[in-house]
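K.L.:
Fold the following.
(one chain, ligands or ions: 1)
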Amino acid sequence: MFSHKNQILLIDDDIDILEAYQDLLEQEGYQVITCADPVNIVEQIPENWNGIILCDVLLPNISGLVLLEQFLTQDPQLPVIMITGHGDVPMAVDAVKKGATDFLEKPLTPEKLLDKVKEALFIRQRVVENRLRQLKILNEEFIGHSPWMKKLKQQLQRLADVDIPVFLWGEMGTGKHLAAKNLHQLNCHHSHLFYIKDCQSPDKIEVIKLIEQEFTGTLILSHIHCLSHNEQIQLVNSQQAEKRSFRLIILSEKPLSDLIQQKLIIPELYYLFSHTQIHMLALRDHPTDIGDIFKYYVQKSCKRLNKPEMPIKNQFISSLIKREWIGNIRELASAAELYVIGLYSTTTLLPTNSVNHKKDISLDEQVSLYEKQVIEDALNYYQGRINEAAQYLGIPRKKLYLRMRKYELDKKIYKEIV
Ligand SMILES: Nc1ncnc2c1ncn2[C@@H]1O[C@H](COP(=O)(O)OP(=O)(O)OP(=O)(O)O)[C@@H](O)[C@H]1O
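P.N.:
Have a look, this model is predicted:
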């Protein structure tokens, strides 16, 4: 019943009233969904739904105001027009305070109803268009479909249109700079200036100058703990809502709680960001994205180097997933470039925990693990062609077969093309 067309959801327990509103709105060409019992209705509304809600305040099973809160929790920009009893001004005021777009008093006059509906739908359409534009940019830049990646994009979208300060933290190469750049780009005022400054370098002097000049735009800072106590106070003061002229984004490898526990930042800075922290996960914590990101960078490199598209086998992706990727997405992207120019081998990349760092296994076991990995790499690279793999490894075919039997490796798997 819900679609992405312009729609109006009517909620009222009185069927006659519902039918009367529905007739009126449908005569004007609107698509109407009626609902007399709104339990579970909130979950049915699709993400970025292009519609508005008209909701009676007095409902038998659930208060209209509670329902309003539920709608706004799901989507804070959803237009909800509340319908109140005649003369019930306090209720109407309460609804608007809680985030209702507007209210209408019963009995509704058709002109007023149609005016409000038209206005709310117009605003909603702009909101949805902007969101889809943002989503398109995010989908092009942030590769991956894991639940975390989806949530990250949602968080960035929600934060993009406001100027509240954001704290992005995570290991190296997890996408902190990319997320900060997107927060700036997705904002409708992104034509403003954009600075990335490292407080650990001479850039620090410029940071203070920028704050003093009350510049407009986005300021992205790393190593914030290198600012002195007074400079940190200056930064906090610049972020008071009534004075704020720029968007502040902090990048850190450590979480906010570590910085405050180690007394590296002042408590005021901690509270400034405590509700807008985004943890950029290490690749090992969203391994299902590894395949997509690798393929994306392989395709990109092929295009850049004018090479035909390269097939990547599932088995090969599985071997990538097993690696630790200490440098996270940056390291994975370089591996993809090496793969395209034929220099890739999972064993020639940085040492990983999976093979080199295991302390609780014996030397013989480590050697076996390593040997298995080298053979798998060769089979992957030569797509299961035994002659070529044996030649590459510098061993006779028979010896390769024996080793493959030992490690239960089947050449057929390496021929599988994705
Ligand atoms: N989800 C993603 N999909 C594709 N590429 C990504 C993704 N996230 C990050 N990247 C790319 O990975 C590389 C590293 O990202 P970025 O520089 O933003 O990481 P960082 O956390 O800021 O690293 P550092 O702390 O080391 O500076 C960049 O080239 C970025 O474009």
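
K.L.:
Close to the ligand: what parts of this protein are there?
P.N.:
Applying CB under 6 Å from any ligand atom, we find that the chain lies next to the ligand at 142-144, 170, 172-178, 280, 293, 329-330, 333. The C-beta positions use only the backbone N, C-alpha and C, and glycine is treated the same way.

K.L.:
Among those, the buried ones, what's the ChimeraX command?
P.N.:
Remark: buried members of the residues of the chain next to the ligand, expressed as a ChimeraX selection using 16 or more other CB atoms under 10 Å:
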select :142,143,144,170,173,174,175,176,177,280,293,329,333
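
K.L.:
for the helix or strand containing K118, which positions count as buried?
P.N.:
Using DSSP states H and E, K118 falls within helix 110-141. Neighbour counts using 16+ other CB under 10 Å place 113-114, 116-117, 120-121, 124, 127-128, 130-131, 134-135, 137-138 of helix 110-141 among the buried residues.

K.L.:
of those, closest to the ligand?
P.N.:
L138 (9.4 Å; CB to the nearest ligand atom).

K.L.:
so where's the protein uncertain?
P.N.:
For the chain, applying pLDDT under 70 flags the ranges 4, 188-191, 344-360, 415-418.

K.L.:
Identify, from the residues of the chain next to the ligand, the entry nearest to K411.
P.N.:
The closest of those to K411 turns out to be I293 (CB to CB; 27.6 Å).

K.L.:
what are the ranges of the strands in this protein?
P.N.:
Remark: strands assigned in the chain by DSSP state E are 7-11, 31-35, 51-56, 80-84, 102-105, 166-169, 193-198, 217-222, 246-252, 277-279.

K.L.:
Out of the ones you listed, which gets nearest to H184?
P.N.:
Using CB to CB, the nearest of the strands of the chain to H184 is strand 217-222, at 4.1 Å.

K.L.:
For the closest one, name the packing helices and strands.
P.N.:
Counting contacts by 3 or more CB pairs under 8 Å, 6 or more residues apart in numbering; DSSP states H and E, strand 217-222 is packed against helix 176-186, strand 193-198, helix 203-212, strand 246-252.

K.L.:
Tell me the strands beside it, with direction?
P.N.:
Strand pairing for strand 217-222, using DSSP bridges, gives strand 193-198 (parallel), strand 246-252 (parallel).

K.L.:
As JSON lines, those strands with mean neighbour count would be great.
P.N.:
JSON lines is the format used below for the strands paired with strand 217-222 (neighbours: other CB atoms under 10 Å):
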{"stretch": "strand 193-198", "mean neighbour count": "16"}
{"stretch": "strand 246-252", "mean neighbour count": "24"}
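
K.L.:
any chance of the ones you listed in a markdown table, plus distance to E268?
P.N.:
Compiled in a markdown table, the strands paired with strand 217-222 are given as follows (distance: least, CB to CB, whole Å):
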| stretch | distance to E268 |
| --- | --- |
| strand 193-198 | 20 |
| strand 246-252 | 13 |
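
K.L.:
Those strands: which one's closest to C55?
P.N.:
strand 246-252 (34.3 Å).

K.L.:
Just want the angle from that closest one to helix 176-186.
P.N.:
Orientation of strand 246-252 against helix 176-186 (axes from the mean of the first three to the mean of the last three CA atoms, to 10 degrees) gives an angle of 160 degrees.

K.L.:
who's in contact with strand 246-252?
P.N.:
For strand 246-252, the external contacting residues (CB atoms under 8 Å, 6 or more residues apart in numbering) are 163, 165-169, 176-177, 180, 183-184, 187, 210, 214-224, 235, 238-239, 259, 273.

K.L.:
among those residues, which ones are buried?
P.N.:
The neighbour count (16+ other CB under 10 Å) marks 163, 165-169, 176-177, 180, 183-184, 187, 210, 215, 217-224, 235, 238-239, 259, 273 as buried among the contacts of strand 246-252.

K.L.:
Measure how buried S201 is and give me the count.
P.N.:
Neighbour count for S201, taken as other CB atoms under 10 Å: 12.

K.L.:
For it, give its distance to C226.
P.N.:
S201 sits 9 Å away from C226, going by CB to CB, to the nearest Å.

K.L.:
With Y370 instead?
P.N.:
The spacing between Y370 and C226, counted by CB to CB, is 41 Å.

K.L.:
Of these two, which one has the most company?
P.N.:
With neighbours defined as other CB under 10 Å, Y370 and C226 compare such that C226 has more, 16 against 13.

K.L.:
The more buried one contacts D203, doesn't it?
P.N.:
No: look at C226 against D203 with CB atoms under 8 Å: they stay out of range, at 9.9 Å.

K.L.:
Any idea how far apart the tips of stretch 45-60 sit?
P.N.:
21 Å (CA to CA, to the nearest Å).

K.L.:
Cool, thanks, talk later.
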